Structure formats: structure tokens, C-alpha cells
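# after the sequence you'll find the predicted model.
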Amino acid sequence: MPKLKRYYYQQENVVAVARDLLGKTLCTRINGKLTTGIITETEAYAGTNDKASHSFGGKRTARNEVMYAKGGRGYVYLCYGLHHLFNVVTNKENIPHAVLIRSLKPLEGIETILKRRRHKAVAKNTSGGPGTVSQALGISTELNGEDLTGNKIWLQEEGIKIIKQNIIAGPRVGVDYAGEDAELPYRFILKTF
DNA sequence: CGTACGATCTGCT
DNA sequence: GCAGATCGTACGA
């Protein structure tokens, strides 16, 4: 399975990328341990006009700086003081787009994943939210800004074939503060997972 | 410098 | 169903 190349991350339309990432494989090699999973749920955060995004209004701080880098890097930040959320930065021309990976189906390194997750829910198909995705693959803020074409964390082509009929779009989770933008159908879920 | 809070998860009731 | 965990960051004084 070939790695996604840099140009993949430099497409204009984040929402399209978020949809397209379904079925691709997210991989990490942390301390020599390889763990991978098929992406089953994503959310798009679109540029500076999206009230739900950290970059709304052109906000640019030490935390979200990497959103303004060229596409193809990871944006990892701490949420609620204990969850590391992983985003793929996808943009061209300094537009701060990102895709949050909300859920995975574990593929390789199941033993390691179970250990990291203290034998919790991952035994099933998906992990239960963006925090557990990071926990399962060993992602933490140390990987913030990491190049996604490198060998610590990367994405690969389809783990499975996706047909349109199996994709559900809906509003994003936990962004009520974003007013009308909270309604946007920027969340994509693979049915049957 | 102080304070409030978040793109959440878990375990207990 | 609900509260507690837990702390870096943002923002105002």
C-alpha cells in the first residue's frame, strides 16, 4: 500500500478531502511499534471563516501555528487537559484547513493497541472518539507538526474500497459554540462500522 | 499573573 | 444519565 504523497495534502477543498480520507489507513511507528487503522470517521475544519475552527477569524497562535503550514503535517493538541486530538493539515497557500480523525478500525498492531487502551472498547471495530484514536496509535502532542510523509506517522491508500452509498454526512460533534456553522455537514462516517 | 474552559472519555449510579 | 478527571492555552487585568 503506497503512502499518500505530499500533493495529496495540498488540495483546495478540505471537505472533499475529509470525505476522501474514509477508508484510508492511518499508521504510526512509535518506539518501534507499528500500529495502523482504517479511518472510519472524519470532520473538516475549513479555513478562517469556519467558526468551529481554531483558526476562525485568522486566529494564529503558538498552538495552532501548524495549521498555517503547507499541507501534509499533523496538528495534535490537548483537549480537556487529557485527550490528544489528531488532525491532518490539508492546504495550499497558507489556508488553515484541517481534518480531525474521529474514529478508526484497528488493523495492525492490535496487541499494542489493546495494551495502550488498557483493554478497553477497541476490542470492537472502532475506537470511540478522537481521543481514543490517539491513545490507540500512541499519538501525543510530541507529534504536533510532524511530517505525514515521514516514517513516524503517515497515511496509506485504501485499506478498503469505499462506495458513496456507505458514507453518511452530518453536523460536527461538540461545536455548539460555533453558531450556525455547527450545522454544516462537515462530519463523515462510514456506515457498517 | 489569574482564571476559565475546551473539536472528550470513563465509570459509577 | 451524569459528574469527575485534568492541564495547556487564551485572554483579560
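Yep, it's here.
# number of nearby residues for residue A:113?
Neighbours of residue A:113 under the rule other Cβ atoms under 10 Å: 25. From N, CA and C alone the C-beta is placed, and that goes for glycine too.
# close enough to count as contact, it and residue A:134?
No - counting by Cβ atoms under 8 Å, residue A:113 does not reach residue A:134; the two are 11.5 Å apart.
# report the buried residues of the one helix or strand in chain A whose mean pLDDT sits lowest.
When the helices and strands of chain A are scored by mean pLDDT, DSSP states H and E, helix A:110-116 comes last with a mean of 94. By 16 or more other Cβ atoms under 10 Å, the buried positions in helix A:110-116 come out as A:112-113, A:116.
# which one of the residues you listed is nearest to DNA strand B?
Set against DNA strand B, the nearest of these by Cβ to the nearest atom of the strand is residue A:116 (10.3 Å).
# could you check whether stretch A:20-33 is close to DNA strand B?
No - Stretch A:20-33 lies apart from DNA strand B when judged by Cβ under 7 Å from any atom of the strand; the minimum separation is 13.1 Å.
# okay, now the spatially closest residue to residue A:5 that is not a sequence neighbour: neighbour count?
Nearest residue to residue A:5, sequence neighbours excluded (Cβ to Cβ, 6 or more residues apart in numbering): residue A:149, at 6.7 Å. Neighbour count for residue A:149, taken as other Cβ under 10 Å: 16.
# isn't there a strand covering residue A:149?
No - in this structure, residue A:149 is coil, not part of a strand, as judged by DSSP: H, G, I helix; E, B strand; the rest coil.
# tell me who's in contact with it.
By Cβ atoms under 8 Å, 6 or more residues apart in numbering, the contact list for residue A:149 reads A:3-6, A:72.
# what's near enough to touch the nearest residue to residue A:30 once chain neighbours are set aside?
Among residues not flanking residue A:30 along the chain, residue A:138 sits closest, at 3.9 Å (Cβ to Cβ, 6+ apart). Residues in contact with residue A:138 (Cβ under 8 Å, 6+ apart) are A:28, A:30-31, A:33, A:35, A:112, A:116.
# which one of those is nearest DNA strand C?
Among the contacts of residue A:138, residue A:116 lies closest to DNA strand C (Cβ to the nearest atom of the strand), at 16.7 Å.
# and whatever helix or strand residue A:135 lives in with DNA strand B, contact?
Following DSSP states H and E, one finds residue A:135 within helix A:130-137. Yes - residues of helix A:130-137 contacting DNA strand B under Cβ under 7 Å from any atom of the strand: A:130-133, A:135.
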